[in-house]
Each structure stands twice: as structure tokens, then as C-alpha cells.
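> Whatever this is, show me its structure:
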Amino acid sequence: MGIEWFRRLGRNSRAQTEAHRVSGPFAQLMRTARAIAEVNPRGLTDLVRAIVRPHQADYLLAVAEEGTDARPDFEERSLFGEEVRRRMFSDAGDFRTVRLPEDHFRIHLARDPVLPWPWKHSSYVSTLARIGAGKVDPADTWNWHHSGAWRQDGNHRVALWLPWGIGFVQGGNHSIAAGILAGEGVLTPAYVYDMSYLFSEIYADAVSYREMGTDRKLGPVISERLAALFEIGRLMHEKGFPAFHESIAIAQSEP
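Model (predicted):
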């Protein structure tokens, strides 16, 4: 499942009608995004959260429902599909991005779209049972059954992608999943990548990724939702992100 979950949601006949292009999920999500941006562009962050949350929920539940290795390792660079992933690398194979200062940003696990990959059932059970302020039993003076409130440690590594504000967990998957589900925890990302250079090279419609300037078809989108998510990033960039994200992150860095 994982990305395949998105694929199933967005899979449509490649012989789509013009009516679907106008009224399908991609078109409707983009109408919603533009309407939000007209009122207040900062609201686009919440729309991104709404789009990402079902995928986050699938990964958070899978190991509980299906057991160890319920989902394949999540590769964030493949989120938007192969055509976009290729554009993330130079001819020499180097990851193309602009890194921003990590200490300018905070990720709130209770609110922000963070994608962990909990994979081991025993670790999932242990972290969900023990981590969280609500699991503290005052009568348990030896702290056998809880670890207290969630707190960041050196095992927690999250890459934050702007302008979307999506966090991809690269270390500490089980404890970060526990923080998300407990509704608590603030962390500083290990990496912050500004991916907005992609918007000058490629764009998406309901069916395909295409080359900017030439409109040359590069390949199919893997789901209309993800294609819309990509284009919402363009709209966020045009409206001034990641500057908005940076100021929001700093202003709300403390509970």
C-alpha cells in the first residue's frame, strides 16, 4: 500500500473526458486552493494537511492492523512519481535542492503533515504504550510503564520540504508515530529543503506531468490528489512561501 493507496484513489482512465478535466479531483482541489489563497494564502497550509492526512493515517495504522513490515519503506523523493523524482537529481546523480537553516523551523507533531514509517510491531506497541504525557501513572513511582511526555532526542531525524511544509521521517519512526498519535511533541528538523526550483521546470495537470515552456508530456501523474498537491506547492511559492512557513514556524515554536 503506501503510495499505492494514493494511486488507487487517483487512478482514472487515460481516455478522460474534457468534462472530467474540468470537474475531477485535480480541478476541484485547485479551485479550492485558489479560493483559499484569495482570502488568505496562509490557509493553504491547512489544505496540504488535509491532503496528506489520509496517507499519514494509513501508515500509522498499518503495522497495528497488519503487523511488522505492513508497508514498504517510504521513499520521499518518489512522492510525486518518477517524472518529478528525476528532476530532483543532477546529471551527476546529486540531489538538487536549496538547504535552509534548520534552527529556523519547528515541526509540531500534533498539527503538521509528518510522514513516519513505523514498521516493527513490537516497537510500535512499546512506544504507543509508553510515550505521552497522558500515559503517566502517578502511582508508578518506578516509571515501569511510561516514558513521560514526548521529547526530541538524537534519534529523531525529519526532512522538511518547502513550500508544502511536509515532514518526512528518516529516523525515530516509532517514537515520532507515538508523538503524532499522542498529540504532542515539537522538534527541529534535521534538514530543510526548498524544492521550489521544480516549479520552473515542470507542471502537472489532471493526467500528466509536463515540461514548462514546451508543454512536452513527461509522464503520467500517479494520482490526481498528488498532482494537485504538487501544484498547490506552486501556488504557495507564488504567494510567498517559504517565508510564510519560516515566520509561522518561529512564531509558534513553543506550545
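
> Flag every buried residue along the longest helix seen in the chain.
Criterion DSSP state H: the longest helix present in the chain is helix 44-66. Using 16 or more other C-beta atoms under 10 Å as the test for burial, helix 44-66 gives 44-45, 47-49, 51-52, 55-56, 58-60, 62-63. All C-beta spots, glycine's among them, are computed from the backbone N, C-alpha and C.

> What helices and strands are in contact with the helix or strand just after that helix?
Note on helix 44-66: by DSSP states H and E, the next helix or strand toward the C-terminus is helix 82-87. In terms of contacts (3 or more C-beta pairs under 8 Å, 6 or more residues apart in numbering; DSSP states H and E), helix 82-87 is packed against strand 202-204, strand 217-220.

> what's next to the first one, contact-wise?
Just to be clear, that refers to strand 202-204. Applying C-beta atoms under 8 Å, 6 or more residues apart in numbering, the external contacts of strand 202-204 come out as 26, 80, 83-84, 87, 209-212, 218, 221, 227-228, 230-231, 234.

> try the longest one
With C-beta under 8 Å, 6+ apart as the test, strand 217-220 has contacts from 14, 81-83, 202, 207-211.

> what's Tyr197 in contact with, if anything?
With contact set as C-beta under 8 Å, 6+ apart, Tyr197 has these partners: 96-98.

> Oh, that last question was meant for Asn173, not what I typed.
By C-beta under 8 Å, 6+ apart, the contact set of Asn173 is 116-119.

> Out of the residues you listed, which comes closest to Ile180?
Closest to Ile180 out of those is Pro116 (6.9 Å), distances taken as C-beta to C-beta.

> so that closest one makes contact with Gly179?
No. In this structure Pro116 lies outside contact range of Gly179 using C-beta atoms under 8 Å: 9.0 Å.

> Are there residues contacting both of those two? Which ones?
Counting by C-beta under 8 Å, 6+ apart, nothing touches both Pro116 and Gly179.

> I would like a PyMOL command selecting only the buried ones among the contacts of Tyr197, please.
To isolate the buried ones among the contacts of Tyr197 in PyMOL, judged by 16+ other C-beta under 10 Å, type:
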select buried, resi 97
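
> from the contacts of Tyr197, which single one is nearest Trp164?
Using C-beta to C-beta, Thr97 is the member of the contacts of Tyr197 that sits closest to Trp164, with 13.4 Å.

> got a list of what that closest one touches?
So Thr97 contacts 88, 193-195, 197 (C-beta under 8 Å, 6+ apart).

> Now it. Its backbone dihedrals?
phi -170, psi 170 (degrees, to the nearest 10).

> Same question for Phe168.
phi -110, psi 120.

> which residue packs closest to it, ignoring adjacent ones?
What sits nearest to Phe168 in space, not counting adjacent residues and going by C-beta to C-beta, 6 or more residues apart in numbering, is Glu76, at 3.8 Å.

> Same question for Ser122.
Thr68 (7.8 Å).

> what sits opposite the spatially most central residue of the chain in the beta ladder?
Among the residues of the chain, the one closest to the centroid is Ile166, at 3.5 Å (C-alpha atoms, centre = their mean). Bridge pairing for Ile166 (DSSP bridges) gives the partners Trp161.
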